[in-house]
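J.: predicted model, plus sequence, below.
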Amino acid sequence: MKKILLLIAFALVLNFSAQAIDPPYPEGPGLEFVCELRVNCDPGYNVGQTAHGVRNIIPILGGTFSGPKMNGEIIGGGADYQLIDQAHGRTEVEAIYSIKTDDGVYIHIRNCGLITMGRDENGAPSFYFRTAPKFEAPQDSKYNWLNDAIFVCMPGPATDCICLRVWKVL
């Protein structure tokens, strides 16, 4: 039975991918705001040039988060692990940390993404910073919905912390 379902799914994917999409293009998925994280960090340290690039580590000290469905604190002890490619103005980021909701539920987060700095097609300076956080929430909690969705994140304005805004992809 599983093999038949897999074959049907594969046939549907092939059929869908074989169809050309002509303008006007279909509308993309919507976004639902989840929360804003205000993360306090240590200045960090640089491991130096590794086989994969320059490794920079920024310890996470704590902070807060707030949104329509969840509020609470960022637990200290996590870190943002950055892999810097200075020649191309590109940094891969992977932040691993946990949060605690106001009602006492711990949620683990792994937030991976990309920061690029360079020039756009007109030669003007450009900055791109996007990540895709993955949440691990207890399945028996009201935050189980975090386990079953894709999220995107981008920075928000802040001077005294790192501000990250998170949306659920609908």
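T.: All right, it came through fine. Note that the structure is predicted; figures quoted are calculated from it, not measured.
J.: list the beta-bridge partners for the spatially most central residue of the chain.
T.: Central residue of the chain (C-alpha atoms, centre = their mean): Ala132, 2.4 Å from the mean position. Here Ala132 sits in beta bridges with Cys112, as judged by DSSP bridges.
J.: I'd guessed it sits against Cys153; true?
T.: Yes. At 7.0 Å, Ala132 and Cys153 qualify as touching, with contact defined as C-beta atoms under 8 Å. In short, each C-beta sits where N, CA and C put it, glycine included.
J.: overlap in contacts of these two?
T.: Contact criterion C-beta atoms under 8 Å, 6 or more residues apart in numbering; residues shared by Ala132 and Cys153: 111, 113.
J.: pretty sure Leu146 belongs to a strand, no?
T.: No. Under the criterion used here (DSSP: H, G, I helix; E, B strand; the rest coil), Leu146 is helix, not part of a strand.
J.: and for the closest residue to it other than its chain neighbours, the neighbour number?
T.: By the measure of C-beta to C-beta, 6 or more residues apart in numbering, the closest residue to Leu146 outside its immediate chain neighbours is Phe135, 3.7 Å from it. For Phe135, the neighbour count with other C-beta atoms under 10 Å is 21.
J.: and what of Leu146?
T.: When neighbours are defined as other C-beta under 10 Å, Leu146 has 22 of them.
J.: quick check: it vs Pro133, distance?
T.: Noted for Leu146: a distance of 9 Å to Pro133, by C-beta to C-beta, to the nearest Å.
J.: isn't Tyr45 up against Asn56?
T.: Yes. Contact criterion C-beta under 8 Å: Tyr45 and Asn56 qualify, at 7.5 Å.
J.: between the two, which one's more packed in?
T.: Neighbour count, other C-beta under 10 Å: between Tyr45 and Asn56, Asn56 has more, with 17 against 11.
J.: list the contacts for the residue nearest to Gly30 when sequence neighbours are not counted?
T.: In space, Gly30 comes closest to Leu170 once its chain neighbours are excluded; the distance is 4.1 Å by C-beta to C-beta, 6+ apart. Neighbour list for Leu170: 29-32 [criterion: C-beta under 8 Å, 6+ apart].
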